[in-house]
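**Q** Dropping a prediction and its sequence here:
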Amino acid sequence: MFDTAFLDIPALEAAGGQVTLPGSKSISNRVLLLAALCDGTTRLHDLLDSDDTRVMLDALRTLGCTVQPAGPATVHITGFGARGPVRQARLFLGNAGTAMRPLAAALAVLGGDFELSGVARMHERPIRDLVDALRPLGCAVDYLGNEGYPPLRIGQPQLRLDQPIRVRGDVSSQFLTALLMALPLVAQRDIVIEVVGELISKPYIEITLDLLARFGVQVRRDGWQRFTIAAGSRYRSPVAVHVEADASSASYFAALGAIAPPTVPGRGIRIQGVGSASIQGDIRFLEAARQMGAQVDSGPNWVEVSRGAWPLRAIDLDCNHIPDAAMTLAMMALYADGPSTLRNIASWRVKETDRLAAMAAELRKLGAAVAEGPDSLRVAPPTAWRAACIRTYDDHRMAMCFSLAAFNPAGAPVRIDDPKCVAKTFPDYFETLFSVARVPGPRVPVICVDGPTASGKGTLAAETARRLGYHYLDSGALYRITALAANRAGLPFDEAHEHRIAHMAQALAIRFSDGRVLLAGEDITDAIRTEQAGMDASRVSALPAVRTALVALQQSFRRLPGLVADGRDMGTVIFPDAPLKVFLTASAARRAERRHGQLIAKGVAVTIDSLRADLEARDARDSQRAVAPLKPAPDALLLDNSEQTVDESVARVLSWWEARQPFAAPGGEAA
């Protein structure tokens with residue numbers, strides 16, 4: 001997951017391949033609660049691992065369930081069942097509506113002393129309609145803040161179940177879902193729920209009814225206005241449940257297949273884990289994609305989408321049945337042959353943010369003409385695409401939707417503020433996107449940091465990469481690794497063995513991971529950080545054949561979303577087209593002092609004078625070698641960090657980088 005202030009996505013050119021999506025949020029949190037309400041243990045496979053499911057799992061542990069991880073995406077839940085939950089608890093539920101609403105209803109009918117709260121945005125999301133349905137039943141539910149909104153206090157009920165229970169259906173289907181999941185717990189007699197007004201998001205109710213049936217509770221439905229839970233209903237564990245992939249998340253990759261030129265003619269994006277057998281309503285997004293011209297094929301557990309009509313065809317569509325996935329249609333509308341209108345989407349206003357207002361504001365930044373209605377959105381494609389900094393409003397779907405704008409025909413990059421908000425449902429979304437997106441190598445941004453030994457270029461480059469969410473290349477480590485491998489093979493660093501070392505270097509299996517360096521899976525981080533390893537690296541790098549062998553390896557690190565590379569010839573030889581080149585300098589005396597402090601801390605006895613002499617000798621050797629001598633690139637910016645802290649140096653580099661971007665400051669409008 002990209003845990004950065006923002007993520008810059010360069011203009012993307014094509015896409016193709018296969019993705020496997022995480023489990024459905026809607027299904028995951030429903031089955032977690034249903035498993036908790038059963039006696040015995042239920043095995044849940046392919047469970048979504050996200051912020052929303054984590055807060056649900058934490059809540060269930062607090063309420064007395066046993067939660068046992070049992071492998072990747074698999075959890076065993078031993079429910080509290082007939083014995084009921086603990087009698088008193090405070091539950092923090094983040095911004096997870098799929099946890100707040102059903103838990104509130106279940107705890108309200110079971111009774112106890114409970115406090116349910118969340119993040120600030122959760123305290124702005126309405127829950128009055130659910131509370132108004134629970135109170136006439138005798139449930140004790142009080143507001144602890146603003147009337148009609150969480151946080152809530154729940155007490156001991158005096159249940160009265162002899163009259164139909166009425167709940168509004170035109171704000172959020174989660175209120176009805178909450179009642180349907182809670183009331184089987186107290187169904188000593190038939191319980192009738194009547195929906196007041198039009199029920200929105202009906203497919204989500206279908207998910208609820210399907211899962212209730214899997215857990216032993218059959219609900220009789222009369223149209224969409226009346227639901228009957230039979231007397232004597234009780235939950236029974238199905239023993240094992242497999243969670244299908246999230247259909248809402250699939251919409252981004254289905255749209256990607258529809259808008260992006262394929263990497264292989266006739267092939268698009270294949271999505272595994274969800275397909276024609278899905279119980280999720282958002283799978284009907286594919287019908288809308290077909291209307292817009294996409295080529296769609298599917299099987300029970302897979303979907304493949306590729307470009308068909310181009311530009312896409314504009315649509316005018318009632319999207320009540322696909323409220324979350326309809327946001328993706330708004331992005332596809334940017335690539336259509338005229339204005340598109342999405343209707344009956346008032347529920348967007350009570351989601352993680354006011355999505356109608358948010359989508360309208362951010363689409364305009366890209367150059368689209370947008371008309372926002374009370375429950376509709378009209379989107380006309382841009383006549384001139386603009387680079388834009390997209391505000392995400394702590395809303396995962398805003399971040400994922402607007403990543404698709406990077407495929408614009410103008411070649412304009414897109415900045416996504418707060419990319420980590422995707423953790424709510426799809427923590428690895430951007431990594432998955434980059435695994436199937438294609439872009440010409442020169443379009444992947446690179447920052448080069450070159451400089452002499454002990455100038456601090458590695459520290460500067462690594463921290464810059466971390467701040468930007470870019471890959472990091474320590475080119476010096478490649479030479480250190482090559483020298484280590486040559487030593488292990490008994491090969492001297494001389495012309496007689498140059499080509500054997502070069503051939504060996506081409507086959508090295510090197511990986512940088514979380515600050516560690518791995519060679520064929522072996523952690524050699526410490527082995528290549530000795531003073532001797534540094535001197536060996538300098539000697540082996542002087543061999544022309546070795547340098548040639550390592551050029552392609554170094555260039556292969558240029559991957560989406562970008563790269564920060566440090567070394568001695570990054571800007572002059574390896575990435576001469578890099579948009580920012582920094583030559584980091586510091587006086588030999590200052591470098592010797594820094595190195596002396598590092599070595600003394602490691603217990604190595606050495607004098608500053610000897611270190612300074614060694615550094616000056618290395619500088620002379622590196623600057624005078626025949627192949628790729630150490631020198632600044634003609635367009636490099638010089639940075640003397642003799643008297644700077646690491647943070648000051650990083651801030652300077654980031655300011656230079658920001659000046660080259662077509663964006664304003666993070667969170668602002670596009671320049």
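**A** Ah, there it is. Keep in mind that what you see is a predicted model, and the values were worked out from it rather than measured.

**Q** what does the longest helix along the chain contact?
**A** Ranked by number of residues, the top helix in the chain under DSSP state H is helix 608-624. Here helix 608-624 makes contact (CB atoms under 8 Å, 6 or more residues apart in numbering) with 452-454, 535, 538, 542, 568, 588-589, 591-593, 595-596, 599, 629-631. All C-beta atoms are positioned from the backbone trio N, CA, C, and that covers glycine.

**Q** switch to 7 Å and redo it
**A** 452-454, 538, 568, 588-589, 591-593, 595-596, 629-631 (CB atoms under 7 Å, 6 or more residues apart in numbering).

**Q** which of those has the most neighbours?
**A** Most neighbours among those, by other CB atoms under 10 Å: R568, with 26 neighbours.

**Q** now the closest residue in space to it that isn't next to it in sequence: how far from P452?
**A** Once flanking residues are discounted, R568 sits nearest to L630: 4.8 Å by CB to CB, 6 or more residues apart in numbering. According to CB to CB, to the nearest Å, L630 and P452 sit 6 Å apart.

**Q** Equivalent analysis for S642, please.
**A** 12 Å.

**Q** Now do the buried residues in stretch 219-227.
**A** V219, F227 (16 or more other CB atoms under 10 Å).

**Q** so how far does that stretch reach from one end to the other?
**A** Criterion CA to CA, to the nearest Å; first-to-last residue distance in stretch 219-227 is 7 Å.

**Q** what is the mean pLDDT for it?
**A** For stretch 219-227, the mean per-residue pLDDT is 96.

**Q** returning to what we had before: need the contact list for the residue nearest to R568.
**A** Taking CB under 7 Å, 6+ apart, one finds P452, R568, D622, S623 in contact with L630.

**Q** Ramachandran angles for F512?
**A** Main-chain torsions, F512, degrees, to the nearest 10: phi -100, psi 130.

**Q** how many neighbours does the residue lying closest to it once chain neighbours are set aside have?
**A** Once flanking residues are discounted, F512 sits nearest to Y472: 6.3 Å by CB to CB, 6+ apart. Y472: 19 surrounding residues under other CB under 10 Å.

**Q** Next, Y472: secondary structure please.
**A** Secondary structure, DSSP: H, G, I helix; E, B strand; the rest coil: Y472 is strand.

**Q** Residues in a beta bridge with it, which ones?
**A** Going by DSSP bridges, Y472 is paired in beta bridges with V564.

**Q** how close does it get to P69?
**A** Y472 is 31 Å from P69, by CB to CB.

**Q** how about TSV for the contacts of L630, with distance to A73 and pLDDT added?
**A** Shown next, in TSV, are the contacts of L630 (distance: CB to CB, whole Å; pLDDT from 0 to 100):
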residue	distance to A73	pLDDT
P452	48	89
R568	44	88
D622	50	74
S623	54	73
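
**Q** Now for the residues you listed: which two are most distant?
**A** R568 and S623 (9.5 Å; CB to CB).

**Q** pretty sure I574 is touching V551, no?
**A** Yes - checked against CB atoms under 7 Å, the pair I574 and V551 is within contact range at 6.3 Å.

**Q** These two: which is more packed in?
**A** I574 (26 against 13).

**Q** List phi and psi for the residue nearest to R568.
**A** phi -70, psi 110.

**Q** Just say helix, strand or coil for I200.
**A** Strictly by three-state DSSP, I200 counts as coil.

**Q** show me what contacts Q218?
**A** By CB under 7 Å, 6+ apart, the contact list for Q218 reads A230.

**Q** And what about P382, helix, strand or coil?
**A** Classified using three-state DSSP, P382 is coil.

**Q** I meant to write R511 there.
**A** strand.

**Q** before we move on, what about F285?
**A** Following three-state DSSP, F285 is assigned to helix.

**Q** per-residue pLDDT, it?
**A** 97.

**Q** Surely it and I322 touch.
**A** Yes - when contacts are counted by CB under 7 Å, F285 is listed as touching I322 (5.3 Å).

**Q** picking that back up, contacting residues around the residue nearest to F512?
**A** Contacts of Y472 (CB under 7 Å, 6+ apart): A461, A462, A465, F512, V564.

**Q** any idea how far it is from V449?
**A** 10 Å.

**Q** Between the two, which contacts overlap?
**A** Shared contacts of Y472 and V449, counting by CB under 7 Å, 6+ apart, come down to A461, V564.

**Q** R236 and D222, how far apart?
**A** R236 is 25 Å from D222, by CB to CB.

**Q** what do you get for R558?
**A** 61 Å.

**Q** before we move on, what about E463?
**A** 62 Å.
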